[in-house]
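*Asks:* I'll drop the sequence and a predicted model, then ask my questions.
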Amino acid sequence: MPSLFRLSALKPGQSATVQAIHVDSGFQFRLNALGFRIGKPLELIRIAPFNGPLHLKLGSTEVMLRQQDAANIEVVM
Amino acid sequence: MKRIALIGMPNAGKSTLFNRMSGASAKVANWPGVTVDLLSAKLLIAGQMAELVDLPGIYDLHGFSDDEQVVRHFLCNNTIDLVLIVANATQVDRQLTLALQLKALGLPAVLLLNMADEAKQHGITINTQQLGDELGYPTALLSAKYGQGYAEAYKLIERELSTSQARAVLSLEEDFATDQAVEDKLEKLISHSVDMPVQTSHSVTEKIDKVMLHPWIGLPLFFTVMFLMFQAVYTLGAPLQDGVAWLLEGFRDLALAPLLSGLPALLNSFLLEGVFDGVATVASFVPVIILFFLFMAIIEDSGYLSRAAFLMDALMTKMGLDGRSFVMLLMGFGCNVPALMGTRTMRSRGLRLLTMMVIPFSLCSARLQVFVFMTTALFAPSQAPLVLFSLYLMTFVTVIVTALLFKGQFNSSEPFALELPPYRFPTTRQMILRGWHEIRHFLRRATKFITIGVVLVWILTHMPFGVEPASAASWSGMIGEFMQPILSPAGINPELTVALIFGFVAKEIVIGALAVIYGLEGSSLMQGIAQQIDWVQAYSFMLFTLIYTPCLATVATLRAEAKSGWYTALSLAWPLTLAWTISTGFYQAARYLGY
């Protein structure tokens, strides 16, 4: 069985699939609306300077997400 | 009258559609249950008048940000005949959620899948007939930007509007449990009617981003782009300003002065040196402002601003702000008022208040006019753009100081995710509309604040009767002298003091006031000022103008958005203190160094 890990551990260029989202309901709505759903594939394109937010691609949508928030999303490779 | 509401996610092209439907007739208005002004336009549709209301872009009807609440309150407090749901066709797989939520509420609507051009490029095909039938909303595919499919979509809207019944006030509470149902329905709809390549790619956007968002050169590149933009505004704008000033001067000397020569001296002076010189001096800067907003429109519409948020987020976080705060600061370069309203997307009150605290330091287009004027008058053409850029940098210095000082008071730890839309370029039509919008905005301000401001300045400089205008014996002279103990350490003389006082109402008045105070106009005004003050005084004056209390409209917006008296007082007092400290510090240091 493939192991779960945090989205924030992904390296640029790597792809993964969303497995679980652990955030408050308000932010959950926002993430859903931006395309974060269980089972949805995503790709980490790059990380912003000074250890800034992640630049992610989900289907046709590109999104920036902070590392601390990405740590609350579990993915599988 | 029927009422149509536009609803859609941010970046779905809602405003573009609004502009296409309404032409240039939009205006802001108040709505029951909604504390903010919304853009609306009246249009003749299907043989009757209808009112089209542009609601803020939202991701979700349940959301907790102020914008989402505005939409909720609007739907609860106003009857609506038809909702136009605007969705980005290239992201139909996630943007349909909003349509499904509205369907669950039973609102009559039409689904408009926008950006048909991009969807086609990405090989996305949508069976609108089937999607519409299954969803229960008539559906059309169009490009609001380029106009393909617009005529058909408009017919659909006409047809639906003529048969739809106004839905009365509704309550949103009951429908919160249906989320899972919405999710399931969404999957089914998409699989039946939409054919999407598994991995769509905006190859051009990806290539541009490789450079623009590069870990090392991304940030330097961003500041270079901004610098070049300001440089372009100055180099292209200064001659234009000169030209308009020359035309107005010609009109004054050849037509207006002979026409008014029969009037009594005092009335003549009031009309010519008061009203005309004051307003004309401000009006000559309109081309600079239009130019500035055209560049801003390109940058705003291009999607580069959200990239700026991405690049700057880590640094802004250290100051207690975030990437959105940075974008709002940039928006503030246009006008502080919409930038303050833009903070409504922030859910954390601390973050919002801190961002609103720093936005007024943004060198807005009204202050830009003052600075173009002063730098042209006192600096060599080669130095002037650099001086101007240094003032933009000063915006960031004051923002950093203020944020670091107050971040303890306004704490926040809001999670933050933002869409990075593909790069787009505005059409000529969009740019012309934007330019026209700015001219109208100026005319409104001119008729309200600027004319009244320069008239008051004229009265202060010419009363009591018979004094030498603007001399120490006039009222303005007395006010200026009275303030001297406070402002002379900053190198600000009595004349400049009076201009500053009126700048509180609107910053454009500063140059109008100078024209009236010095009794000069156009190029002779610049020469006159250059004889009165040196560059150290001018720079100190510009620093003060940049930092001190924001204009009346900004203060009113701050108060309305923050809903707090002490916060408003703080956001008046702090910039004033900072302005005095920095101007005095600069002036005294420069004099000490022998300049």
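*Replies:* That came in fine, so what should we check first?
*Asks:* does chain A have contacts with the host helix or strand of residue B:405?
*Replies:* Take DSSP states H and E as the rule and residue B:405 turns out to sit in helix B:384-406. No: judged by C-beta under 8 Å from any C-beta of the partner chain, helix B:384-406 makes no contact with chain A; its nearest approach is 15.0 Å. To be clear about C-beta, it is placed using only N, CA and C from the backbone, and glycine gets the same treatment.
*Asks:* show the subsequent helix or strand relative to that helix.
*Replies:* Next helix or strand after helix B:384-406 toward the C-terminus (DSSP H and E): strand B:417-419.
*Asks:* packing partners for the following helix or strand past that following strand?
*Replies:* Going down the chain from strand B:417-419, the next helix or strand is helix B:428-445, by DSSP H and E. In this structure, helix B:428-445 packs against helix B:14-22, helix B:286-302, with contacts taken as 3 or more C-beta pairs under 8 Å, 6 or more residues apart in numbering or on different chains; DSSP states H and E.
*Asks:* which of those has the lowest mean pLDDT?
*Replies:* Here the lowest mean pLDDT among the helices and strands packed on helix B:428-445 goes to helix B:286-302, at a mean of 82.
*Asks:* surely residue B:3 is in a strand?
*Replies:* Yes: under DSSP: H, G, I helix; E, B strand; the rest coil, residue B:3 sits within a strand.
*Asks:* return the residues in contact with it.
*Replies:* Neighbour list for residue B:3: B:50, B:51, B:53, B:78, B:79, B:80, B:81, B:82, B:166 [criterion: C-beta atoms under 8 Å, 6 or more residues apart in numbering or on different chains].
*Asks:* excluding its backbone neighbours, what's nearest the third one?
*Replies:* If I follow you right, that is residue B:53. residue B:40 (4.6 Å; C-beta to C-beta, 6 or more residues apart in numbering or on different chains).
*Asks:* would you list the phi and psi of the one you found?
*Replies:* Reported as degrees, to the nearest 10, the phi and psi values for residue B:40 are phi -140, psi 160.
*Asks:* isn't it right up against residue B:74?
*Replies:* No: if you go by C-beta atoms under 8 Å, residue B:40 and residue B:74 don't touch, sitting 11.0 Å apart.
*Asks:* the longest helix along chain B: which residues count as buried?
*Replies:* Using DSSP state H to define each element, chain B has its longest helix at helix B:218-251. Residues of helix B:218-251 classed as buried: B:218-219, B:222, B:226, B:229-230, B:233-234, B:237-238, B:240-242, B:244-245, B:248-249 (neighbour count, 16 or more other C-beta atoms under 10 Å in any protein chain shown).
*Asks:* residues contacting residue B:211?
*Replies:* Contacts for residue B:211 (C-beta under 8 Å, 6+ apart) come out as B:217, B:221.
*Asks:* helix or strand: which one has it?
*Replies:* According to DSSP H and E, residue B:211 maps onto helix B:203-212.
*Asks:* one more: residue A:44?
*Replies:* strand A:41-47.
*Asks:* tell me the mean pLDDT over the helix or strand following the longest helix of chain B?
*Replies:* Once the chain leaves helix B:218-251, the next helix or strand it forms, by DSSP H and E, is helix B:257-260. The average pLDDT for helix B:257-260 rounds to 84.
*Asks:* surely residue B:71 touches residue B:61?
*Replies:* Yes: counting by C-beta under 8 Å, residue B:61 is a contact partner of residue B:71 at 7.0 Å.
*Asks:* could the contacts of residue B:3 be laid out in a markdown table, adding distance to residue B:261 and neighbour count?
*Replies:* Listed next are the contacts of residue B:3 as a markdown table, based on distance: C-beta to C-beta, whole Å; neighbours: other C-beta atoms under 10 Å in any protein chain shown:
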| residue | distance to residue B:261 | neighbour count |
| --- | --- | --- |
| B:50 | 53 | 20 |
| B:51 | 50 | 15 |
| B:53 | 52 | 21 |
| B:78 | 57 | 18 |
| B:79 | 60 | 13 |
| B:80 | 60 | 22 |
| B:81 | 59 | 20 |
| B:82 | 60 | 24 |
| B:166 | 61 | 12 |
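*Asks:* for the nearest residue to residue B:236 once chain neighbours are set aside, give me its contacts.
*Replies:* Nearest non-adjacent residue to residue B:236, counting by C-beta to C-beta, 6+ apart: residue B:291, 5.8 Å away. For residue B:291, the contacting residues are B:233, B:236, B:237, B:240, by C-beta under 8 Å, 6+ apart.
*Asks:* elements contacting the helix or strand bottoming out on mean pLDDT in chain A?
*Replies:* Taking mean pLDDT, DSSP states H and E as the measure, chain A has helix A:25-34 as its least confident helix or strand, at a mean of 84. For helix A:25-34, the elements it packs on are helix B:92-105, strand B:417-419, judged by 3+ C-beta pairs under 8 Å, 6+ apart.
*Asks:* tell me which of the ones you listed sits most buried.
*Replies:* Mean neighbours per residue, mean count of other C-beta atoms under 10 Å in any protein chain shown, is largest over these for helix B:92-105, with a mean of 23.
*Asks:* quick check: what element follows that one along the chain?
*Replies:* Next element after helix B:92-105 (DSSP H and E): strand B:109-114.
*Asks:* next, count neighbours for residue B:389.
*Replies:* Number of residues near residue B:389 (other C-beta atoms under 10 Å in any protein chain shown) recorded here: 16.
*Asks:* pLDDT score for it?
*Replies:* At residue B:389, pLDDT is 89.
*Asks:* ok, now which ones touch it?
*Replies:* Counting by C-beta under 8 Å, 6+ apart, residue B:389 touches B:227, B:230, B:231.
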